[in-house]
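1. Sequence plus the predicted model coming up.
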Amino acid sequence: MGIKTNPEVPYSDFHWERGNKRPGTGVEKGTMNSSTTFSLRAALVGNALFSFLSGFPLLAFPNLVAGWLGVPANVVFTVIGLGLIVFSGELVYQATRPRMAAWRALVASAADALWVLGTLVVLLAFPNLFSDQGRVLLSAVAVVVAV
């Protein structure tokens with residue numbers, strides 16, 4: 001019972017047998033506080049801004065975006081645009097909480113990875129679906145998301 005200690009990994013979740021708080025800190029397991037998460041918060045806000053700026057044109061101007069990509073406009077643009085705007089709201093919500101849930105930041109990272117992977121699959125599986133400009137645009141967005 002009690003706290004197991006390992007000097008190589010201090011205060012890791014593996015060392016708590018009971019309780020929900022990190023010993024001596026009052027910090028709950030699986031959360032991060034604002035004093036130690038500035039970089040993550042900044043990344044989440046940047047991701048939210050880019051997601052919103054990508055989603056708004058898809059939602060508001062699907063015909064314009066379709067022209068850029070070289071494909072006919074359809075409801076997929078609206079769905080993706082709405083999804084990106086909701087995603088950006090979740091990112092802002094997460095970034096502005098006093099205590100961040102680590103799993104939510106991981107879900108956001110996984111969503112970004114899936115976006116990049118999905119873009120790669122679409123571009124490789126359907127190389128002639130998009131115009132040259134469309135392929136460059138989609139690739140550029142994927143690179144920004146990957147970074």
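-> Happy to help now that I have it.
2. Look up phi and psi at Phe126.
-> The main-chain torsion angles of Phe126 are listed as degrees, to the nearest 10 and equal phi -130, psi 70.
3. Any idea how many residues pack against it?
-> 10 (other Cβ atoms under 10 Å). All C-beta spots, glycine's among them, are computed from the backbone N, C-alpha and C.
4. Against Gly89, how distant is it?
-> With distances taken as Cβ to Cβ, to the nearest Å, Phe126 is found 30 Å from Gly89.
5. ok, now Pro98?
-> Counting by Cβ to Cβ, the gap from Pro98 to Gly89 is 18 Å.
6. Have a look at the two and say which one is more surrounded.
-> Regarding Pro98 and Gly89, a neighbour count based on other Cβ under 10 Å identifies Gly89 as having more, with 13 against 7.
7. Check what pLDDT the nearest residue to the more buried one once chain neighbours are set aside gets.
-> In this structure, Gly89 finds its nearest non-sequential neighbour in Ala48, 7.6 Å apart by Cβ to Cβ, 6 or more residues apart in numbering. Ala48 is assigned 96 on the pLDDT scale.
8. what separates Val86 from Leu59, distance-wise?
-> Val86 is 11 Å from Leu59, where distance means Cβ to Cβ.
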